[in-house]
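Trainee: The following comprises the amino acid sequence and a computationally predicted model.
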Amino acid sequence: MKGFLKAFSIFMVLGIFIFFVVLLEVPEKDNINEQVITEWEITWTDHLDSQISTEELEATQPWTEVQASDQVPERPEGATVQWIRMDLPKIESGSPALLFEKVLGREIIIKKNQQLIYESRRDFNYGVNTILLPLNQSDGGESIYIGIDSPTRIGIIGTVQAGEFKELQRSFIKNNILDFIIGSALIFIAIVMLVCSLFLKNENMSGWFSLCLVILSSGTIVITYSSFLYSLYGSLGSIYVALFDLGLLVLLPSFTLFFEGIFGKGYKSIVTKFRKFQVGYSAFCVALLLINFASNNYFYSIYQLFSGLLLSAIMIIQFIMIIVISTGYTIKGNREAIIFSCGFGIFAFLGLGELLWFYFKSANYELFIWKWGIVCFLISLIIILGNRFASNHERIVEYSKQLEMFNNELQRSEKMEIISELAASVAHEVRNPLQVTRGFLQLLVAKQNSSDKVYLSMALEELDRASNIITDFLTFAKPEVGKVAALNVLNEFIHIEGILIPMANLQGGRIIVQIPKDLNIKGNSSKFKQAFINIIKNSIESLHGEGEIQVWAYEQKGEVCIHIKDNGEGMEEEVLSRLGEPYFSNKTKGTGLGLMVTFRIIEVMQGRIEFKSEKGVGTEAIVRFPAVDPA
């Protein structure tokens, strides 16, 4: 839910931004020397003749008055050319001109006083024209005749502005440059991303490269759809149309590839199969495009069938598949699916809404808001890819931490192995002479006077201490649990408590045991007691006066959890991390073997142990064993 709200807030901000940009895109009206022509008359003929005289045009009937806000009149049967008669207003400026923002037609001519003052003939499939027509000051009050030939949409959309040439030129650039800027920005971003791809690893290349193609093709489509290039450099119009088709043919499979990289292959690899089909179909259409281009549009009808009608059907299938899959992931709470659905939803809402308005206006409307929908959608794709990179980075960091932990564990295992081998080979050999020496010292103690007995007793204590160390070595070297049986945790701790209570009382502390009766584990009773006696002895020694040691246990997720917590002096983080290492001890005369033995016993009994400690607060040991049912 948080991810959805975050994505929704981002796209709400984008929506508000688009709204204001659209408002800013509305052309500002100049208050000085600018007039708007909102009405003219039209008639229809069956062919476009640049040599036709104005008298012949006037004789053509009927002439129908049309308002700029009216619907485009229906084309009479058999008519292919629309003629427009427009009266010029008086323009008080040094360089008057007319600005036709949108004129729909493949061939356009403009005549004035029997003279041809403008001509445009396009042999490519793009019929949106923006015309800036210079005039003379003496033309005020006269009429111009505009002939338009087009097999589909035809006529003037919107109003016609009359005014100073430079002002109208500025307005023309302002109203059309935005598409060029958006498309150029997208292409620039794609090129930068392609350069950056040289520094990416192979696992990130597929998503990055597919997004580059999506952005590059989207920018190409936005630029080549605008009338700006066709108006300034009309001679290259066929190349612009070819680039538009190429952009669309690259966009669709690239988009599916990106979707596949984010959400997977889909049910029975349907996304992968569809993407492979799209790649093959796009390659086929590109081949048709080259053939048609080389044959000077001889195969245009065949190419139009595959790149127009059939491609539109494939796009519908693609969008349905994407919507269904992304909706399923969104319902499951997938964060990337939520972001994708928000971006795609904005694109679909703007595109579908504008398309409905286009048909409501009977095609008397030029689409432009959909470009901002593409921008929002591309932003959502960039966010998804950035989120994927961030997730990969977090995963790498996590892997690094795990690798460091495994290395530490490996080093610890190697140390344990070395000590085990050393203990197994040396302990028995050392214990035998120690026992012989101790026997002779006992005999000397019985024969010597009281003054020598003190030193002999000290020697015996040190021999006993050395013998205990050797015993720990042997226990560590051979950690076999021995006879395994079901152990009742409470009964075991009753014995442990009986052994350690006197020691705790001497330190001024007390032991509190709270363990249920029904907790059972599998192991060796003597080894179990030895491990927990070592832990609790350490807690007693950390009290340094009055204090308490709490012992409690419970069953959780199939494990018996045993806690030993004291309020002693505690340990620092550095000391805590080294517990169980060979020869490391926090005691003055400690060897660290006690905890080493404890760790090894718990490990052999398939248990786990961890410590929590804070300096000046205390230490808590948590031991977990697999729970079993009593036999």
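Mentor: All right, it came through fine. Source: prediction; values computed, not measured.
Trainee: Wait, residue 62 touches residue 41, no?
Mentor: No: under the criterion of CB atoms under 8 Å, residue 62 is not in contact with residue 41, lying 9.4 Å apart. Any C-beta I mention is one placed from the backbone N, CA and C, and that applies to glycine too.
Trainee: Those two: who's more crowded?
Mentor: A count of neighbours by other CB atoms under 10 Å puts residue 41 above the other of residue 62 and residue 41, at 15 against 8.
Trainee: pretty sure the more buried one is touching residue 60, no?
Mentor: No: applying CB under 8 Å as the test, residue 41 and residue 60 come out as separate, 10.8 Å apart.
Trainee: Surely residue 625 is within a strand?
Mentor: Yes: with DSSP: H, G, I helix; E, B strand; the rest coil as the criterion, residue 625 is part of a strand.
Trainee: what sits against it?
Mentor: Residue 625 sits next to 521, 522, 523, 559, 560, 562, 602, 605, 606, 607 when contact means CB atoms under 8 Å, 6 or more residues apart in numbering.
Trainee: Mind checking which of these are in helices?
Mentor: residue 602 (DSSP state H).
Trainee: quick one: the strands in the stretch 351-500 of the chain?
Mentor: Along the stretch 351-500 of the chain, counting by DSSP state E, counting those that start in this stretch, strands occupy 485-488.
Trainee: okay, and for it, where does confidence drop off?
Mentor: 354-355, 358-368, 412-413, 415-432, 436, 440, 445-456, 465, 468-482 (pLDDT under 70).
Trainee: swap in the stretch 51-200 of the chain?
Mentor: 72, 200.
Trainee: what about the strands in it?
Mentor: 64-67, 81-87, 96-104, 107-112, 115-121, 128-134, 143-149, 155-164.
Trainee: For the ones you listed, give me JSON lines that also has distance to residue 533.
Mentor: Supplementary listing: those in JSON lines, determined by distance: least, CB to CB, whole Å:
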{"stretch": "strand 64-67", "distance to residue 533": "102"}
{"stretch": "strand 81-87", "distance to residue 533": "104"}
{"stretch": "strand 96-104", "distance to residue 533": "93"}
{"stretch": "strand 107-112", "distance to residue 533": "102"}
{"stretch": "strand 115-121", "distance to residue 533": "100"}
{"stretch": "strand 128-134", "distance to residue 533": "91"}
{"stretch": "strand 143-149", "distance to residue 533": "102"}
{"stretch": "strand 155-164", "distance to residue 533": "94"}
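Trainee: closest to residue 177 out of those?
Mentor: strand 128-134 (11.6 Å; CB to CB).
Trainee: I would like the residues contacting that closest one, please.
Mentor: Residues outside strand 128-134 that contact it (CB under 8 Å, 6+ apart) are 95-105, 108, 110, 117-118, 120, 165, 168-169, 172, 176, 227-228, 230-231, 366.
Trainee: Can you tell me which of the strands of the stretch 51-200 of the chain is nearest to residue 463?
Mentor: Closest to residue 463 of these is strand 128-134 (CB to CB; 105.0 Å).
Trainee: Would you pull up how far the closest one lies from the middle of the chain?
Mentor: Offset of strand 128-134 from its chain centre (CA atoms, centre = their mean, to the nearest Å): 45 Å.
Trainee: which parts of that strand are buried?
Mentor: Counting neighbours by 16 or more other CB atoms under 10 Å, one finds that the buried residues in strand 128-134 are 128, 129, 130, 131, 132, 133.
Trainee: Show me how this structure divides into domains.
Mentor: Residue ranges for the domains of the chain, per automatic domain parsing: 34-174, 200-332, 420-477, 485-626.
Trainee: got those domains as JSON lines, with distance to residue 184 columns?
Mentor: Shown next, in JSON lines, are the domains of the chain (distance: least, CB to CB, whole Å):
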{"stretch": "domain 34-174", "distance to residue 184": "14"}
{"stretch": "domain 200-332", "distance to residue 184": "7"}
{"stretch": "domain 420-477", "distance to residue 184": "71"}
{"stretch": "domain 485-626", "distance to residue 184": "55"}
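Trainee: Go through these and name the closest to residue 187.
Mentor: domain 200-332 (3.9 Å).
Trainee: which of the contacts of strand 128-134 count as buried?
Mentor: 95-105, 108, 110, 118, 120, 165, 168, 172, 176, 227-228, 230-231, 366.
Trainee: so what's residue 566 bridging to?
Mentor: Residue 566 has these beta-bridge partners by DSSP bridges: residue 549, residue 619.
Trainee: Pull the contacting residues for it.
Mentor: 509, 539, 540, 542, 543, 547, 548, 549, 550, 618, 619, 620.
Trainee: Neighbour-wise, which one of the residues you listed leads?
Mentor: residue 539 (27 neighbours).
Trainee: correct me, but that one touches residue 569?
Mentor: No: with contact defined as CB under 8 Å, residue 539 does not count as touching residue 569 (10.6 Å).
Trainee: residues contacting residue 487?
Mentor: With contacts defined as CB under 8 Å, 6+ apart, residue 487 is in contact with 520, 521, 522, 523, 525, 528.
Trainee: so what's the closest residue to the second one other than its chain neighbours bridging to?
Mentor: Pointing back at residue 521 there. Spatial nearest neighbour of residue 521, excluding adjacent residues (CB to CB, 6 or more residues apart in numbering): residue 625 at 4.2 Å. Bridge pairing for residue 625 (DSSP bridges) gives the partners residue 560.
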